[in-house]
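1. Provided below are the primary sequence and the corresponding predicted coordinates.
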Amino acid sequence: MSATMTKNRYVLNWIDEMAKMTRPAKIVWIDGTEQQEEELRREACSTGEMTKLNQELLPGCYLHRTAINDVARVEGRTFICTRKKEDAGNINNWIDPKECYARLSKLYDGAMEGKTMYVIPYSMGIVGSDFAKYGIELTDSIYVVLNMLIMTRVGKNVLDALGDEPGFIKGLHAKAQLDEENRYICHFPEDNTIWSVNSGYGGNVLLGKKCFALRIASYLGRKEGWMAEHMLILGIEFPDGEIKYITAAFPSACGKTNLAMLIPPEFYRKKGFKVWTVGDDIAWLRIGRDGRLWAVNPENGFFGVAPGTNDKSNPNALATTKKNTIFTNVVENLDNETVWWEGLDKNPPKNALNWKGEKWDCTDGSKGAHPNSRFTAMATNCPCLSNKFNDPAGVPITAIVFGGRRARTAPLVYQSTSWQNGTFVGSIMASETTAAASGAVGVVRRDPMAMRPFVGYDMGDYWGHWLDMGKMIPNPPKIFHVNWFRTDDEGHFIWPGYGENMRVLMWILARCEGKVDAKKTPIGYVPFVKDLDLEGLDIDEKIVEGLLDVDAKLWLEDVAGIREFYAQVGSRVPTELYDELNALEDRLKK
Ligand code: OXD
Ligand code: MN
């Protein structure tokens, strides 16, 4: 056993117990030093777990391929194991914790024989800050260690900050046989515990991210009076230097990273506007002493979707991936040891391996990169990283934006009429599914607050917590909904999206400041076209009118879908949300 880095008996006893079950040949503590990280990279390359890329073109960059059956989050195999089934709710999968521990113990039994168990002490949030929460992940995967070193703050200082306390999240991960039938991503929120087995894919195994910073943290947030949300955080700097911050929740693979790193259209840039990224996936929100809602990004890196990332869609993300990045399931260009993915450019490599590691012929119509292929990149390499990224206080939030991928119903943007109505707007979010989770792609499903796969307790209680927070925040952000994805009859996106989304964000901020009027519709406030800044954009005002249109017939169909969904969520849906739904239906019928 390598030297321990703490005397905390809760930590040591737990590691002992887990090691007795998994029986690793040795235990290595991850200290966060560059020297240890480099040794691990070397070892991963020697076993083929990673491939070193061209160090002149992509310094510090590596490629990894997952198993072919292990390429996305597996919601069907993800469980919330509360003692009472009702506390996990109808939307989550549930197993009784005792039964789950017993079932998984069998899968973990001897799973690390002949292998190393790595002990990763990590912090979500800035070590020592009010927002920070600590975790320890035990894993037999160097890939996991190297990703966690990018995505979280790792090292001995985490254990020092924890001291002798028991308050850390206990995460156990073993790859085992990568057996799909026995893949489990299990959360025990009442025990601060996460057990993950038989997967090696990021969202299932980087336990600080979805498992801790969303599922366990949402549970803790309800208990402790704060919120953990699937939201990006960005700042818009005005020419006078003032910066206003927005959080936005979109379902997985719907452009959160692109919006977070948006480059303003030229005419805004010329006036001196800038956009700064605080986070691209997760926000932890607390009420500040000034009565506003403040947000931090608890992560330290980006685990972004590679396909579609290019120097037009997201030049900042692309620049971020040029060094110290781990690519997963992208194309390997054998001529110059670089990487490629669909949508990077129009020059797929001729001499290449696809994401499965097979020789790839880019003319045969097959995809080279997996649609959910990823980059794991350091936040500090991002050219537009906010100087508040490392500020322990976080940033004050002016507006919360919800968004989905909807071909028709939702207009380009609308504003809710109150916090309660905004909570309702979040609760009825719907989106067409993407490749970020296994299953069919392009099917509309309800994804409230983009948290359907990530709430660590009953969804109705979660909405109740939103309503309670609204009562506690003296000066709450205003709540909006956007939809960049309306399509025309041929299925083409109508709104240009990407950097042009800034125009919508500017309307949102103007509304927050009471600077512009809006049209009251049955669903909320919609912009007058004249108030959307369309300068320099080649789009007919009539088309923009169309994007803002609220079709009562489609919305009434949606109301029926919402009723079904609320019924599925069950008895804990707050009555306030039914009041909102009934009132919406009445307004639509008028
Ligand atoms: C992600 C996801 O990886 O939401 O962020 O799947
Ligand atoms: Mn996400």
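-> Structure received. Ligands and ions are numbered 1, 2, ... in the order given.
2. Dump stretch 304-316 to PDB, keeping only the CA atoms.
-> What follows is stretch 304-316 as a C-alpha-only set of coordinates in PDB (Å, rounded to 0.1, in the frame of the first residue of the first chain):
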ATOM      1  CA  GLY A 304     -17.700  18.500 -24.100                       C
ATOM      2  CA  VAL A 305     -19.300  16.800 -27.100                       C
ATOM      3  CA  ALA A 306     -16.800  16.800 -29.900                       C
ATOM      4  CA  PRO A 307     -18.900  16.400 -33.100                       C
ATOM      5  CA  GLY A 308     -20.100  19.700 -34.400                       C
ATOM      6  CA  THR A 309     -17.400  21.600 -32.600                       C
ATOM      7  CA  ASN A 310     -15.500  23.800 -35.100                       C
ATOM      8  CA  ASP A 311     -13.900  27.200 -35.600                       C
ATOM      9  CA  LYS A 312     -17.300  28.600 -36.400                       C
ATOM     10  CA  SER A 313     -19.600  26.900 -34.000                       C
ATOM     11  CA  ASN A 314     -17.300  27.200 -31.000                       C
ATOM     12  CA  PRO A 315     -13.800  28.600 -31.600                       C
ATOM     13  CA  ASN A 316     -13.200  29.000 -27.900                       C
END
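3. who touches it?
-> Stretch 304-316 has contacts (Cβ atoms under 8 Å, 6 or more residues apart in numbering) with 253, 257-258, 261, 263, 277, 280, 317-318, 321, 327, 330, 341-345, 369, 371-375, 377, 382-384, 436, 498. No exception for glycine: its C-beta is placed from N, CA and C like everyone else's.
4. Could you report the neighbour count for whichever residue of the stretch 101-250 of the chain sits closest to ligand 1?
-> When scored by Cβ to the nearest ligand atom, the stretch 101-250 of the chain has Gly203 as its residue closest to ligand 1, at 4.8 Å. The local packing count at Gly203 equals 22, with neighbours defined by other Cβ atoms under 10 Å.
5. Start the count at 652 instead of 1 going forward.
-> Got it, first residue is 652 now, which makes that one Gly854.
6. can you pull the contacts of the spatially closest residue to it that is not a sequence neighbour?
-> In space, and not counting its chain neighbours, Gly854 is closest to Arg724: 3.9 Å by Cβ to Cβ, 6 or more residues apart in numbering. Remark: with contacts taken as Cβ under 8 Å, 6+ apart, Arg724 is in contact with Ile836, Tyr852, Gly854, Asn855, Lys861, Ser903, Ala1087, Ala1088, Ser1089, Pro1104.
7. Which ones among these also lie next to ligand 2?
-> Filtering these for proximity to ligand 2 by Cβ under 5 Å from the ion leaves Ser903.
8. what's around the residue of the chain found nearest ligand 1, how many residues?
-> When distances are taken as Cβ to the nearest ligand atom, the chain reaches nearest to ligand 1 at Ser903, 3.1 Å away. Residue crowding around Ser903 was assessed by other Cβ under 10 Å; the count is 24.
9. Now it: closest residue in space, sequence neighbours ignored.
-> Ala1087 (3.4 Å).
10. sec struct for the residue of the chain closest to ligand 1, please.
-> Using DSSP: H, G, I helix; E, B strand; the rest coil, the three-state assignment for Ser903 comes out as coil.
11. Tell me where the model's unsure across the chain.
-> The chain contains residues with pLDDT under 70 at 652-653.
12. ok now do whatever residue of the stretch 752-901 of the chain ends up closest to ligand 2, which residues does it touch?
-> Of the stretch 752-901 of the chain, the residue with the smallest distance to ligand 2, taken as Cβ to the ion, is His881 at 5.6 Å. Listed by Cβ under 8 Å, 6+ apart, the contact set of His881 reads Leu865, Ala900, Phe901, Pro902, Asp932, Ile933, Met1100, Ala1101, Met1102, Phe1105.
13. That one and Met1102: what is the separation?
-> Between His881 and Met1102 the distance, using Cβ to Cβ, to the nearest Å, works out to 5 Å.
14. next one: phi and psi at the residue nearest to His1116 when sequence neighbours are not counted?
-> Closest residue to His1116 apart from its sequence neighbours, by Cβ to Cβ, 6+ apart: Arg873 at 4.6 Å. Main-chain dihedrals, Arg873, degrees, to the nearest 10: phi -70, psi -40.
15. And for Arg873, the neighbour number?
-> Considering only other Cβ under 10 Å, Arg873 is surrounded by 23 other residues.
16. Name the nearest of the contacts of Arg724 relative to Glu1231.
-> Ranked by distance to Glu1231 (Cβ to Cβ), the contacts of Arg724 are led by Pro1104 at 23.8 Å.
17. list the contacts for the closest one?
-> Arg724, Glu726, Thr729, Lys861, Ser903, Ala1088.
18. what's the most distant pair in these?
-> Thr729 and Ser903 (13.1 Å).
19. Residues of the protein that sit close to ligand 2?
-> Taking Cβ under 5 Å from the ion as the test, the list of the chain residues beside ligand 2 reads Ser903, Asp932.
20. so where do the strands sit in the stretch 1102-1241 of the chain?
-> Remark: strands assigned in the stretch 1102-1241 of the chain by DSSP state E, counting those that start in this stretch are 1129-1133, 1170-1172, 1175-1177.
21. residues from the chain in reach of ligand 1?
-> On the criterion Cβ under 6 Å from any ligand atom, ligand 1 has as its neighbours in the chain the residues Arg724, Gly854, Ser903, Asp932, Phe954, Ala1087.
22. before we move on, the earlier item: among the contacts of stretch 955-967, which are in strands?
-> Of the positions in these, Thr928, Phe978, Arg1025, Phe1026, Ala1028 sit in strands, assigned by DSSP state E.
23. Now the third one: closest residue in space, sequence neighbours ignored.
-> Same thing as Arg1025. Excluding its sequence neighbours, the residue lying closest to Arg1025 (Cβ to Cβ, 6+ apart) is Thr979, at 4.7 Å.
24. mind checking how far that neighbour is from Gln1071?
-> Going from Thr979 to Gln1071 by Cβ to Cβ gives 41 Å.
25. what's the next secondary structure element after the strand or helix carrying Ser697?
-> Per DSSP states H and E: Ser697 is located in helix 685-698. Counting by DSSP H and E, the next helix or strand C-terminal to helix 685-698 is strand 702-703.
26. Centre of the chain to that next one, how far?
-> 27 Å (Cα atoms, centre = their mean, to the nearest Å).
27. List the pairing partners of it within its sheet, with orientation.
-> Strand 702-703 has these partner strands in its sheet, going by DSSP bridges: strand 713-715 (antiparallel).
28. Of the contacts of Pro1104, which is the nearest to ligand 2?
-> Proximity of those to ligand 2, judged by Cβ to the ion, is greatest for Ser903, which lies at 4.7 Å.
29. next one: phi and psi at the closest one?
-> Summarising the backbone geometry of Ser903 under the convention degrees, to the nearest 10, its torsions are phi -60, psi 140.
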